[in-house]
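Enquirer: I'd like to go over a predicted model; first the sequence, then the structure.
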Amino acid sequence: MIEFRDFTKRYGHLTAVEDLSFEVRPGRVVGLLGPNGAGKSTSLRGLLGLVRPTSGAATVFGVPYERLTNPARRVGVHMDGLGFETGMTGRRHLQICAVAADAPRGRVDEVLDLVGLADAGRRRLGRYSTGMKQRLGLATALIGDPEVLVLDEPANGLDPQGIRWLRNFLRSFADGGGTVLLSSHQLAELAQTVDEVVIINGRRVFSGSLDALTGGGAHNLEDRYFELVEEGVHA
Ligand SMILES: Nc1ncnc2c1ncn2[C@@H]1O[C@H](COP(=O)(O)OP(=O)(O)OP(=O)(O)O)[C@@H](O)[C@H]1O
């Protein structure tokens, strides 16, 4: 379970995120949406202890992420900018992550298989395409067989097949009791993936089920998103 309670982050005079509150329960896939600069990355980084809130809190399993023992076994993380060593093979990268997460050795091949990189595991990361790097990021998040996934723009650079795979994967992960929080700009895709939506623009402008947002599918997510973000309506 993920919980944001009045999470606020200021950088000097700039308020990146203000009074953000929402939770993600097990079995749910929640999409965090908002325009560029809305504070999505700041919020996710706050949840992962990479950014210290100015006030309020973000917790996972009821505690700040940094207080978890062996966090990689509980929370899988995929964020842009965490970086890969380009001279290393995908397999080697995952082997190192498996050791760090105290995951069984066999897990490396399992996750390579799971994300469709079984044939590319021995290739150097410098030769991976954007989509392959994205898949490797997911494999890295999954290495510790976590209960919670925190994913920043996971569909970026994936081909249609990859996007469909990701959607199905996240659904079955959540159906198996997993908790997923992801950020995305791809509204049409998101509408097919998430149960709940949190829209922010510095502050929260909407939080609730996709059905509540779209009137049970009567309106599309994109129209509702623009109405809320552009009109600055707070719900
Ligand atoms: N380390 C920092 N120092 C100062 N300002 C920052 C810092 N990190 C983020 N910001 C500012 O905080 C605001 C929110 O940025 P953030 O990256 O969280 O937005 P975002 O919703 O993830 O945007 P995008 O969709 O472009 O990735 C922006 O105005 C950004 O310039």
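Expert: Noted; the coordinates are in hand.
Enquirer: domains of the protein?
Expert: Residue ranges for the domains of the chain, per automatic domain parsing: 2-74+146-231, 83-144.
Enquirer: dump those to JSON lines, plus mean neighbour count.
Expert: Quick note: C-beta positions are derived from backbone N, CA and C, even for glycine. Shown next, in JSON lines, are the domains of the chain (neighbours: other CB atoms under 10 Å):
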{"stretch": "domain 2-74+146-231", "mean neighbour count": "18"}
{"stretch": "domain 83-144", "mean neighbour count": "18"}
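Enquirer: export the ones you listed to TSV and tack on mean pLDDT?
Expert: Compiled in TSV, those are given as follows (pLDDT from 0 to 100):
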stretch	mean pLDDT
domain 2-74+146-231	93
domain 83-144	92
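Enquirer: quick one: which of those is nearest the ligand?
Expert: Ranking the domains of the chain by proximity to the ligand (CB to the nearest ligand atom) places domain 2-74+146-231 first, at 3.2 Å.
Enquirer: who's the most centrally placed residue in the chain bridged to?
Expert: Nearest to the mean C-alpha position of the chain, counting by CA atoms, centre = their mean, stands L151 at 1.7 Å. For L151, the beta-bridge partners are H78, L182 (DSSP bridges).
Enquirer: list the residues that contact it.
Expert: 77-79, 138, 141, 180-183 (CB atoms under 8 Å, 6 or more residues apart in numbering).
Enquirer: would JSON lines of these with distance to the ligand be doable?
Expert: Below are those laid out as JSON lines (distance: CB to the nearest ligand atom, whole Å):
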{"residue": "V77", "distance to the ligand": "15"}
{"residue": "H78", "distance to the ligand": "14"}
{"residue": "M79", "distance to the ligand": "10"}
{"residue": "L138", "distance to the ligand": "19"}
{"residue": "A141", "distance to the ligand": "18"}
{"residue": "V180", "distance to the ligand": "18"}
{"residue": "L181", "distance to the ligand": "13"}
{"residue": "L182", "distance to the ligand": "12"}
{"residue": "S183", "distance to the ligand": "7"}
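Enquirer: now, which of those residues sits nearest I2?
Expert: Nearest to I2 out of the contacts of L151 is L181 (CB to CB; 5.5 Å).
Enquirer: ok, that closest one touching A141?
Expert: No - if you go by CB atoms under 8 Å, L181 and A141 don't touch, sitting 11.8 Å apart.
Enquirer: find the residues that touch each one of these two.
Expert: 149-151.
Enquirer: next structured bit after the helix or strand hosting L20?
Expert: In this assignment (DSSP states H and E), L20 forms part of strand 14-24. Sequence order places strand 29-33 as the next helix or strand after strand 14-24, per DSSP H and E.
Enquirer: helix or strand right after that following strand?
Expert: The first helix or strand that comes after strand 29-33 along the chain, using DSSP H and E, is helix 40-47.
Enquirer: elements contacting that following helix?
Expert: Secondary-structure packing of helix 40-47 (3 or more CB pairs under 8 Å, 6 or more residues apart in numbering; DSSP states H and E): strand 2-11, strand 14-24, strand 29-33, strand 55-60, strand 148-152, strand 179-183.
Enquirer: quick one: that helix to strand 29-33, angle?
Expert: Calculated by axes from the mean of the first three to the mean of the last three CA atoms, to 10 degrees, helix 40-47 forms an angle of 130 degrees with strand 29-33.
Enquirer: okay, the angle between helix 40-47 and strand 148-152?
Expert: Using the same axes, to 10 degrees: helix 40-47 against strand 148-152 is 150 degrees.
Enquirer: kindly export helix 40-47 (C-alpha atoms) in PDB.
Expert: This file holds the C-alpha atoms of helix 40-47, laid out as PDB (Å, rounded to 0.1, in the frame of the first residue of the first chain):
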ATOM      1  CA  LYS A  40       4.900  13.800 -11.000                       C
ATOM      2  CA  SER A  41       8.600  12.900 -10.800                       C
ATOM      3  CA  THR A  42       9.000  14.900  -7.600                       C
ATOM      4  CA  SER A  43       6.200  12.900  -6.000                       C
ATOM      5  CA  LEU A  44       7.500   9.500  -7.100                       C
ATOM      6  CA  ARG A  45      11.000  10.500  -6.000                       C
ATOM      7  CA  GLY A  46       9.500  11.600  -2.700                       C
ATOM      8  CA  LEU A  47       7.900   8.200  -2.300                       C
END
